[in-house]
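In: what would the 3D arrangement of this be:
(2 chains)
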Amino acid sequence: MQSTIEGAPAFAYINVDLEPGETVIAESNAMSSMAADLDMAAKFNGGFFGGLAKAFLGGESLFVNHFTNNTTGTRRVSLVQGTPGNTRQIDLNGNMFCLQPGAYIASTPGVKLGVKWAGFKSWFAKEGLFKLTVGGQGSVWYGAYGGLLEKEVDGEYIVDTSHLVGYEPQMQLKIQLAGGLFSSLAGGEGFVTRIEGKGKIIIQTRSLSGLADWVNPRLW
Amino acid sequence: MQIEITHRPGNSAARVSLQAGETITAEGGAMIAMSGHMQVETTTHKRDKGSILGALKRLVTGESLFLNHFTPNGGPGEVIFGTALTGDMMQFQMGSGPALLVQAGSYVASAPSVDMDMSWQGFGKALFSGESMFWIKLTGTGPVLINSFGAIYPIQVNGEYIVDTGHIVAFEESLNFEITKAGKSWMASFLGGEGMVCKFIGQGTVWCQSHNAGSFGTALGPILKPH
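Out: Coordinates of the predicted model:
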C-alpha cells in the first residue's frame, strides 16, 4: 500500500494505492473518487454497539467503508474529510493515540478504534465528552479544519477551546479560565484546556465553532 | 494573453495580462482588481454574438446573468480574478480536443474565441449528481479559467472510474457518465455514506475537486443559529 497526501495544507486529501488483496477503512462519505473495480463494503464501526458508541459519543459515523482491491493490479481510492484543512498520517506500532471527535478519516485494518470517557472538563472545553482512541498496528489518517501544528509538551501547555485535535494518551487534560475572570470574559478567550505531561499534542489553527461564532451574528 | 494562477489550492486567484486590444470575458463579480485603463463592457451575451436568451440560460445554470468583457485601452493591462468560495483555480487550453462540460458555478473566465452554451444532462443526472442542474458546455479554442471548492486533480479515464457526487468540476465530452451505487448493493452504498456516485465511462479526462461544499455545510450547519 502506498499513500500520499496531496492538496495540503489548505485542501488536503489522501491518495491510497491498494495492491491486490489490500484493504483500507474510511469513515462514512470520505471517498471522493476511486477506481471502478474496487469493492466497497459498509460495516459497523467496531460492531453494532461499538459503532453506536462512536457515532453518538465520538462524533464518528456508525458505519465505516472497507475498500478492498480484489483485482490483479494496483488501484487508487482518494479519501478526504468534510472540512477543508490539513491531514496527517501517523504510524502506530502497538502504541495508542487520542483523537478529538470527528478528526479520524481512515486507517489500515490492523488499527482498532475505541471510545473513552474524557471527563466533564473536556466538555466545558468544547472538546466533547468522549475521545476517540486509535491503537494497534498500522497507519491512521486524521485531519482538522485548518492547519495542523505539532507540539512536544514537557510540563504543561495551554490550548484554546476547540483547537485540540489529538494527543498522546498519557497526557492529562484540565480545564481552566484563560486569565482572571474579567480577562477571560472580556478577552474573548473564556475557557482553555491545560495539558499536563510529557508527549506530543496536535493543534488545529482554526475551529468550526470559531467560524460559527463569526457567521451567527450575520445571519438574518 | 498570459494567465498566472497564484495561491493554489487554498486561496487561488488568476492574474491575466492582456495586450492592447485583447479581451477576456468573465462571469459577473469575478474581478478583484485591474489596471486603471482597463475598459469594461457588461453584456448579457458574448461580445460578438448571442442573445438575451443565452443570458437567461446562464442565469438558470447558476452563473451570473451578466458577462464582463475586459479590454485594456491603449496599452497592455492586467485584471485579477477571484471567486466567492475559497478553493482552487485551473487554466485549461481549449483546442482541437473534445468539448468541455463544466459544472455550473465553476466557470470563471475565458477568451472570446471560446463558445459557451448550457447543457442538459437528463433528469437523473440533474437531480442526483450532486452538482447543479445544468452544465456549461465550452467549445472553440483558447484559454478557460475554472474554479472549485477543494483542490482540483485530474483523472485520466481509460475504461471506467468512479467519482463521488459533488466532486466533479469538469469533464471532456468524450466521456459518458451515469449515476450508480458505490458498493455492491444500494444498502451498502447508503449505509457507507456515499449514496450515489458518478461512474465515468470511456476515454478522456475528468477533473475532480477534493472537497465538496455540501459536506462542509453539513459540518458547519448544526452549530449555526437557526434563522
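
In: worst-scoring helix or strand of chain B, pLDDT-wise?
Out: Every helix and strand of chain B was ranked by mean pLDDT, DSSP states H and E. The lowest is helix B:52-61, at a mean of 59.

In: which helices and strands does whichever helix or strand comes after that helix pack with?
Out: From helix B:52-61 onward toward the C-terminus, using DSSP states H and E, the following helix or strand is strand B:67-72. Of the remaining helices and strands, those touching strand B:67-72 by 3 or more CB pairs under 8 Å, 6 or more residues apart in numbering or on different chains; DSSP states H and E are strand B:13-18, strand B:24-27, strand B:31-34, strand B:38-43. C-beta: built from backbone N, CA, C; applies to glycine.

In: what strands flank strand B:67-72, and is each parallel or antiparallel?
Out: strand B:24-27 (antiparallel), strand B:38-43 (antiparallel) (DSSP bridges).

In: what are the contacting residues of the shortest one?
Out: Put plainly, it is strand B:24-27. B:1, B:16, B:18, B:46-47, B:63-64, B:67-70, B:79, B:81, B:107-112, B:145 (CB atoms under 8 Å, 6 or more residues apart in numbering or on different chains).

In: over to the last one?
Out: Here strand B:38-43 makes contact (CB under 8 Å, 6+ apart) with B:28, B:31, B:34, B:47, B:66-73, B:77, B:79.

In: which residues does the residue nearest the centre of chain B contact?
Out: Using CA atoms, centre = their mean, the residue of chain B that lies closest to the mean C-alpha position is B:S106, 2.3 Å off. By CB under 8 Å, 6+ apart, the residues touching B:S106 are B:146-148, B:169-170.

In: what's the answer for A:V153, then?
Out: Contacts here follow CB under 8 Å, 6+ apart; on that basis A:V153 touches A:171, A:195, A:197-201.

In: so is stretch B:201-215 next to chain A?
Out: Yes - with CB under 8 Å from any CB of the partner chain as the criterion, chain A is reached by stretch B:201-215 at B:208-212, B:215.

In: and that stretch, how far apart are its ends?
Out: Separation of the first and last residues of stretch B:201-215 by CA to CA, to the nearest Å is 26 Å.

In: bridging residues for A:V16?
Out: A:S3, A:V77.

In: same question but for B:E27, I mixed them up
Out: Residues in a beta bridge with B:E27, per DSSP bridges, are B:L67.

In: how about A:T193?
Out: In this structure, A:T193 has beta-bridge partners A:V159, A:I175, where bridges are defined by DSSP bridges.

In: and it, how many neighbours?
Out: The burial count assigned to A:T193 is 24, neighbours taken as other CB atoms under 10 Å in any protein chain shown.

In: pretty sure it contacts A:Q172?
Out: No - no contact is recorded between A:T193 and A:Q172 when judged using CB atoms under 8 Å, the distance being 10.4 Å.

In: not counting its neighbours along the chain, what's nearest A:D154?
Out: Taking CB to CB, 6 or more residues apart in numbering or on different chains as the measure, A:D154 lies nearest to A:K198, with 4.9 Å between them; neighbours along the chain are not counted.

In: for that neighbour, which residues are in contact?
Out: With contact taken as CB under 8 Å, 6+ apart, A:K198 is in contact with A:153-155, A:170-171.
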